[in-house]
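Engineer: Let's see this in three dimensions:
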Amino acid sequence: MEDSFLLEQTAETPAFVYNLSEVKKRTKLLSQVKNKSNCKILYSVKPLPLYRVLEEMKSLDGFSVSSFFEAKLVQKACKNGKEIHFISPGIKSEQWEDISAAVDYLTFNSLEQFSYFESKLKKQQSYGVRVNPGISFLEDPRYNPCREFSKLGVPIAQLKNKISDDPDFFKKIEGIHFHTNFESSDFSHLTETFSKLKTELVDELRRFKWINLGGGYFFDESENLSLFYELVDELNDNYDFDEIIIEPGTFLVRDSGYLVSSVIDLFQRDGKNIAVLDTTVNHLPEVFEYQYEPDVLGDDFSNENEYILAGSSCLAGDVFGVYRFENELELGSKVIFEKVGSYSLVKAHTFNGINLPDVYCLENDTGLKRVKSFTLEQYVHYYGG
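Structural biologist: Below you'll find the predicted structure:
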């Protein structure tokens, strides 16, 4: 990557660094998708709600949020009236009015949730319902929205019964939403999902005014993106949807993010070289939660210098993995984790009192700029001091 030298030389560590050029590249690609498909494109905020990154999403149609806090942050970052779409498995009754005032579209996750708030619906908003097609593409149930006993969405049979029993259903609910995948580049999964919906909701599907196809797909890595365009053509030709919506999240920000760290201790244990870093897996919690090894700049299996990269907390499992470098690591050597732009900053925590990384944005015109740092006073205040 062309900015690796800049990261290695100028970022204090540990540091999250977000390359805004990468974000711009992804939003530009999605603008092309929008122009070719006439879809409405939202950024799903949950992977990375960083204010400066949100500002780069203004070329998109809007945002998908899952909490009142996310909605208000989007409103502040993008003051030009971008649409805000809301969906969450949990809406507290005391937050209903605040959420309603902040969003334009609200999708109910369950029919029970819809029933609970039905008397409070407002005419100026558009409401939808999330359906669970019951079709799985992910083996790991922790990521699978359609897992057994899933909390996400209404089973098709239950939705059909509700529509049949409630003659006023479509006077209140205008849209249908589904989301069945995670970090996939295979658009046959999307067409397979819709195929099931149109088979089991033959008449009902035609009565919705909009459809949200969810997210979880990587447009730039797909070998069958043409299937996406074919699906949109089918929706336009055979249905009366006013809007066709997609809401990518991780795709837009994953490759923009880096965690820059420094080696602060080196030793051997049982014949293995261990490099302790000034960061921790608690800054990339999914490393520990899901046992994946993040990419590291310069790592190559053909290199001779092998190290176990470990974090600096007292957790025995605070280990990133085994990596090989061209040159031997030394105290102070920079180690840069790549493609960690999603679900890192938003999940990072301060276990052991290890401070959160500073946050930098890398911009073409101004270079590396620190946009956020965390202080001892904030840490003490958080724990009641």
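Engineer: For residue 308, what are phi and psi?
Structural biologist: Main-chain torsions, residue 308, degrees, to the nearest 10: phi -90, psi 120.
Engineer: show me the contacts for the nearest residue to it once chain neighbours are set aside.
Structural biologist: Closest residue to residue 308 apart from its sequence neighbours, by CB to CB, 6 or more residues apart in numbering: residue 274 at 4.8 Å. Placement of C-beta: from N, CA and C, glycine included. Counting by CB atoms under 8 Å, 6 or more residues apart in numbering, residue 274 touches 265-268, 307-308, 310.
Engineer: Just the CA trace of the longest strand belonging to the chain, in CSV.
Structural biologist: Under DSSP state E, the strand in the chain containing the largest number of residues is strand 257-269. C-alpha atoms of strand 257-269 as CSV (Å, rounded to 0.1, in the frame of the first residue of the first chain):
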residue,chain,number,x,y,z
GLY,A,257,-8.9,0.7,8.5
TYR,A,258,-5.5,-0.1,10.1
LEU,A,259,-4.3,-0.7,13.7
VAL,A,260,-0.8,0.6,14.0
SER,A,261,1.2,-0.8,17.0
SER,A,262,4.8,-1.0,18.3
VAL,A,263,6.8,-3.9,19.7
ILE,A,264,7.5,-3.3,23.4
ASP,A,265,9.0,-6.7,24.4
LEU,A,266,10.7,-9.6,22.7
PHE,A,267,11.5,-13.0,24.1
GLN,A,268,11.4,-16.8,23.4
ARG,A,269,9.1,-19.3,24.9
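Engineer: Make residue 1 into 7 and carry on from there
Structural biologist: Sure, I'll start numbering at 7, so the last one becomes strand 263-275.
Engineer: Give me the next element, helix or strand, following it.
Structural biologist: Using DSSP states H and E, the next helix or strand after strand 263-275 towards the C-terminus is strand 278-283.
Engineer: Listing partners with orientation, what would you give for that following strand?
Structural biologist: Sheet pairing for strand 278-283, assigned by DSSP bridges, gives strand 263-275 (antiparallel), strand 311-316 (parallel).
Engineer: Same question for the shortest one: list its buried residues.
Structural biologist: Just to be clear, that refers to strand 311-316. By neighbour count on 16 or more other CB atoms under 10 Å, the buried set for strand 311-316 is 313, 315-316.
Engineer: cool, the first one as well?
Structural biologist: Along strand 263-275, these residues count as buried under the neighbour rule (16+ other CB under 10 Å): 263-269.
Engineer: Excluding its own residues, what touches it? List them.
Structural biologist: For strand 263-275, contacts defined as CB under 8 Å, 6+ apart pick out 13-14, 17, 19-25, 54, 279-285, 289-290, 300, 303, 318, 335-348, 350-351, 363.
Engineer: any idea how far that strand is from the chain center?
Structural biologist: Offset of strand 263-275 from its chain centre (CA atoms, centre = their mean, to the nearest Å): 27 Å.
Engineer: and that strand, average pLDDT?
Structural biologist: What strand 263-275 shows for mean pLDDT is 97.
Engineer: Ok, stretch 138-151 next?
Structural biologist: Here stretch 138-151 scores 90 as its mean pLDDT.
Engineer: From residue 104, how far out is the residue nearest to residue 314?
Structural biologist: For residue 280, the distance to residue 104 (CB to CB, to the nearest Å) stands at 49 Å.
Engineer: ends of stretch 59-66, how far apart?
Structural biologist: Start and end residues of stretch 59-66 are separated by 12 Å (CA to CA, to the nearest Å).
Engineer: Give me the residues contacting that stretch.
Structural biologist: Applying CB under 8 Å, 6+ apart, the contact partners of stretch 59-66 are 24, 26, 29-30, 33-34, 36-37, 47-49, 51, 69, 79-80, 83-84, 86, 88, 258-259, 262, 367.
Engineer: Equivalent analysis for stretch 195-212, please.
Structural biologist: Stretch 195-212 has contacts (CB under 8 Å, 6+ apart) with 137, 139-141, 143, 162, 165-166, 169, 182, 184, 186-187, 219, 223, 233-234, 236-237, 241, 245-246.
Engineer: Please enumerate the helices of the protein.
Structural biologist: Along the chain, the stretches classed as helices by DSSP state H are 10-16, 26-43, 57-61, 74-83, 102-108, 117-123, 162-171, 175-178, 194-206, 232-244, 256-259, 291-296, 382-388.
Engineer: how distant is the last one from the center of its chain?
Structural biologist: Pointing back at helix 382-388 there. Helix 382-388 sits 28 Å away from the centroid of its parent chain (CA atoms, centre = their mean).
Engineer: can you list the residues that contact that helix?
Structural biologist: Contacting residues not belonging to helix 382-388 are listed as 356, 359, 361 [CB under 8 Å, 6+ apart].
Engineer: can you do 10 Å?
Structural biologist: Helix 382-388 has contacts (CB atoms under 10 Å, 6 or more residues apart in numbering) with 356, 359-362, 380-381, 391.
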